[in-house]
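Enquirer: here is a sequence together with a model predicted from it:
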Amino acid sequence: MRAEVKTSDARTGVSQPEISRDIPRIGRALIEKAAAQPTPDSDILEDGVRALDHMGHAALAAGTLGISPISLLLAWQDWLLHLSVSPGKQLEIVRKRIRKNLRLADFLARCALHDETSAPCILPLPQDKRFSHPAWRTFPFKLYEQSFLLTQQWWHNATTGVAGVTGRHERLVEFYSRQLLDMVSPSNFPLSNPEVIEATLAEGGANFVRGFNHFLDDLGEVWQGKKHVSSFQPGRDVAATPGEVVFRNELIELIQYRPTTPTVHAEPLLIVPAWIMKYYILDLSPENSLIRFMVEQGFTVFCISWVNPDERLRDVSLEDYLERGVMASLDAMTAVCGGTQVHALGGTLLSIAAAAMVRDGDSRLKSLTLLAAQVDFEEPGELGLFIDESQLAFLEDTMWQQGYLDQWQMAGAFQMLRSQDLVWSRLVREYLMGDRQPPNDLMAWNADATRMPFRMHSQYLRQLYLGNDLSQGRFKVGGRAVHLEDIKVPVFAVGTVTDHVAPWKSVFKLLHLLDTDVDFVLTSGGHNAGIVSEPGHPRRSYRKLAYRLHHPHPDAETWAKQAPEQEGSWWLEWAAWLTGRSGGECPPPAVGKADAGYPPLGPAPGNYVLIH
């Protein structure tokens, strides 16, 4: 089913002041439009009131990076009101504060007696690298560190375990209190950070000069609204695996890659990257391109390149992405390769398509590979803190204003998930130390952001994240429900240890939701870096589990503790798994098939990946 693509009146790329100035103009236009419609007065009034709400929320969102202040205030109110009527918890908080003060005093006394040899009274969490420099072990900096860590621990005690507070509100309050504390960490200030002091003395303050220049460069880009020009250009430095675009519609370009082996596996491989990003995360530089690697393993590889949507695609739905993205690509592949079955790699969208295909009697899939794919959103990790009714209403009003959600409007949420690394440590390194890390291909891809169309993104967040309809059998495609347990083809699933977008324990639930054999791999790294794990990459490792249908279901944590860790790349494991489920070898198919309606339309990476 195709939704009509409409042209929106919303403007693209407007800054916060422009949105505010446009409210009267847009409001007048809406009132004039409503007045011209032969509708009852009550409908006109209702539409006008709703439009005013949309515009007000959109203007507010421009100043909060898309984060709903109402959702946050409700959480703090819930915590504070329940704490105010919990005298026992109040006494516990006071007792813990006194005990931590005594621990700090004891530490200070031991420092006076033994100088730098005294043991700390608290250690940072393993992932906290802010105080790893040896200079933090010297006085007075170790006092700053210990005082901060004890205060951080006390705030965790104060914001958790308050009777009556909902679990979601408790997590929100704990999360935001952590963000506020991260702002005042002693590592963020030049006079309390020994690394900055050392660099300043060694360079005579040149680090501050470099840092100020970096700050001016960044400020200029923000002020002028200019996008930083990356030295990594698609088609030249990244997304450079040779191939041809063999199909194009308003949502996708389908790329077929040229074979590099004399024979190929009988079944081609379709890659369905996440629709909210550009595909070349899987085709970065030649040495770490998963697509190039699979071509070299003898697979005929096809990959979807999603268009970067603007206001004209505001009404495109999730079902349109399935029909005109995944299914249209399968049609093209089977036409080019002669009607064979297909291996497919993707995420949540592909899992929906696979379940719908089984329901409709479509047997073209030979296997599924799911990368960091959530299908059960009951435990989506800290990203779920930004998804509730208040937050979604806020986002929908923002998207209503312009027809899409821009990447910068989600930047606040994603950066707060890892604020120590993505915000404060970066500011210290670049502005105080004066060190700006040279960009790499993964950083260039991450900065090459995409937009999310209004209707599609709203459906995705409401039905999957908020309603969890997919895992509960309520999600509909073509007006009928799809069920994940209908999928019977073998599945290879990948989770990453430090994933802040799709936590690996949530991905692990595939073993419980799919009625088929699932080979699960847990690889080191995060959501992106864990996937880009080419053979030979240093410090890469993984654990694997071969779950077979009708066997007892394993517990995620117990398995992770007991499974042996293997050094190396999971790519080799997956290539061997896919080869073992392929049906022999054959000569490579031609690139494109003009007589079937799929002629080569131009070289990879195509046009859509170049749209900013």
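Expert: That came through fine.
Enquirer: just the pLDDT for residue 419.
Expert: On pLDDT, residue 419 comes in at 63.
Enquirer: just residue 385 next, same as before
Expert: Among the per-residue scores, residue 385 shows a pLDDT of 81.
Enquirer: and it, helix, strand or coil?
Expert: helix (DSSP: H, G, I helix; E, B strand; the rest coil).
Enquirer: distance check, it against residue 176.
Expert: Using C-beta to C-beta, to the nearest Å, residue 385 is found at 9 Å from residue 176. For every residue, glycine as well, the C-beta is placed using N, CA and C.
Enquirer: tell me which of these two has more neighbours.
Expert: Using other C-beta atoms under 10 Å, the more surrounded residue of residue 385 and residue 176 is residue 385, with 23 against 17.
Enquirer: flag every buried residue along the lengthiest helix in the chain.
Expert: Counting residues, the longest helix found in the chain (DSSP state H) is helix 87-114. Of the residues in helix 87-114, 89, 93, 100, 104, 107, 108, 111 count as buried by neighbour count, 16 or more other C-beta atoms under 10 Å.
Enquirer: columns pLDDT on top of the residues you listed, output as TSV?
Expert: Output for these, formatted as TSV (pLDDT from 0 to 100):
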residue	pLDDT
89	96
93	96
100	96
104	94
107	91
108	90
111	85
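Enquirer: closest to residue 486 among these?
Expert: Set against residue 486, the nearest of the buried residues of helix 87-114 by C-beta to C-beta is residue 89 (48.0 Å).
Enquirer: list the contacts for the closest one?
Expert: Residue 89 makes contact with 83, 161, 162, 163, according to C-beta atoms under 8 Å, 6 or more residues apart in numbering.
Enquirer: same question for residue 531.
Expert: Here residue 531 is in contact with 281, 282, 290, 371, 372, 494, 496, 523, 525 (C-beta under 8 Å, 6+ apart).
Enquirer: and with 6 Å instead?
Expert: Going by C-beta atoms under 6 Å, 6 or more residues apart in numbering, residue 531 touches residue 371.
Enquirer: and the next helix or strand past the helix or strand containing residue 427?
Expert: Under the criterion of DSSP states H and E, residue 427 resides in helix 425-427. As assigned by DSSP H and E, the chain's next helix or strand after helix 425-427 is helix 441-447.
Enquirer: averaged pLDDT, that following helix. What do you get?
Expert: 87.
Enquirer: chain center to it: distance?
Expert: 13 Å (C-alpha atoms, centre = their mean, to the nearest Å).
Enquirer: now do stretch 140-150
Expert: Taking mean C-alpha positions (C-alpha atoms, centre = their mean), stretch 140-150 and its chain are 33 Å apart.
Enquirer: do stretch 86-95 as well
Expert: Distance, centroid of stretch 86-95 to centroid of chain: 38 Å (C-alpha atoms, centre = their mean).
Enquirer: over to stretch 170-190?
Expert: On C-alpha atoms, centre = their mean, the centre of stretch 170-190 falls 22 Å from the chain's centre.
Enquirer: circling back: ranking the contacts of residue 89 by neighbours, who comes first?
Expert: Busiest of the contacts of residue 89 [other C-beta under 10 Å] is residue 162, holding 22 neighbours.
Enquirer: which ones are touching that one?
Expert: Residue 162 neighbours (C-beta under 6 Å, 6+ apart): 79, 82, 83, 89.
Enquirer: using TSV, lay out those together with secondary structure and distance to residue 185.
Expert: Below are the contacts of residue 162 laid out as TSV (DSSP: H, G, I helix; E, B strand; the rest coil; distance: C-beta to C-beta, whole Å):
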residue	secondary structure	distance to residue 185
79	helix	23
82	helix	28
83	helix	25
89	helix	27
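Enquirer: relative to residue 216, which of these is nearest.
Expert: For those, the nearest to residue 216 is residue 79 (40.5 Å; C-beta to C-beta).
Enquirer: how far away is that closest one from residue 89?
Expert: 11 Å.
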